[in-house]
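Peer 1: Predicted model, plus sequence, below.
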Amino acid sequence: METELRRRRSELLTLGFGIIAFGVWSVLKTYLYTWVDPLVQNVDVEEQYKTAATILGYVMITIVLAMDLGLRLYVGMSARAEGLGKKKGRAYIVVASLMLLVSVLLWFASLGYIQTRAEDDSLMDYIVSMVVDLTSIAILARLVYNAVKVRQLRRQLEG
């Protein structure tokens, strides 16, 4: 039982890093997409408001990305701390579970988007992005599972 606890804690360390890495990738990917396809390029905005609309768009994107990265840092760092044997509250597991639920719902919702891109040149880019998002979902699911198992194993060994 102690061996399994050590293995699960070690996996929490790795998964915590994975959550953080995917958060950083999410930020980079979003800014790369907006660099390649500028925000107001396809929006009907008068010329005099394009600069303001672009700035507002980037501010809104930055706020959302900062919140996502902040949550991923919290979950990842908490998982890593628990992997090192420190006792953490269950709030990070709840946050990770909510992130997992939202990610799964968004992933399934975006499946319908593939049909609209069937003849578009960027279809392959979109499919690769979907696979990367699915990998992120798998890491989140594995983190939640391992965090719960670590707590169960620790309780069994203590009691």
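Peer 2: Structure's in. What do you need? Just so you know, these numbers come straight off a predicted model, no measurement behind them.
Peer 1: most remote residue from this protein's center?
Peer 2: Centroid-distance maximum for the chain: Q48 at 36.1 Å, with C-alpha atoms, centre = their mean.
Peer 1: Mind jotting down where the helices sit in the chain?
Peer 2: Assigned by DSSP state H, the chain shows helices spanning 2-36, 50-83, 91-116, 123-158.
Peer 1: Name the residues of the one helix or strand in the chain whose mean pLDDT sits lowest that come out as buried.
Peer 2: Using mean pLDDT, DSSP states H and E, the weakest-scoring helix or strand in the chain turns out to be helix 91-116, at a mean of 89. Residues of helix 91-116 classed as buried by neighbour count (16 or more other C-beta atoms under 10 Å): Y92, I93, V95, A96, S97, M99, L100, S103. Bear in mind the C-beta positions are built from the backbone N, C-alpha and C, glycine included.
Peer 1: tell me the contacts of L157?
Peer 2: M1, E2, L5 (C-beta atoms under 8 Å, 6 or more residues apart in numbering).
Peer 1: Is it possible to mark the buried ones in those residues?
Peer 2: In those, burial by neighbour count holds for L5, counting by 16+ other C-beta under 10 Å.
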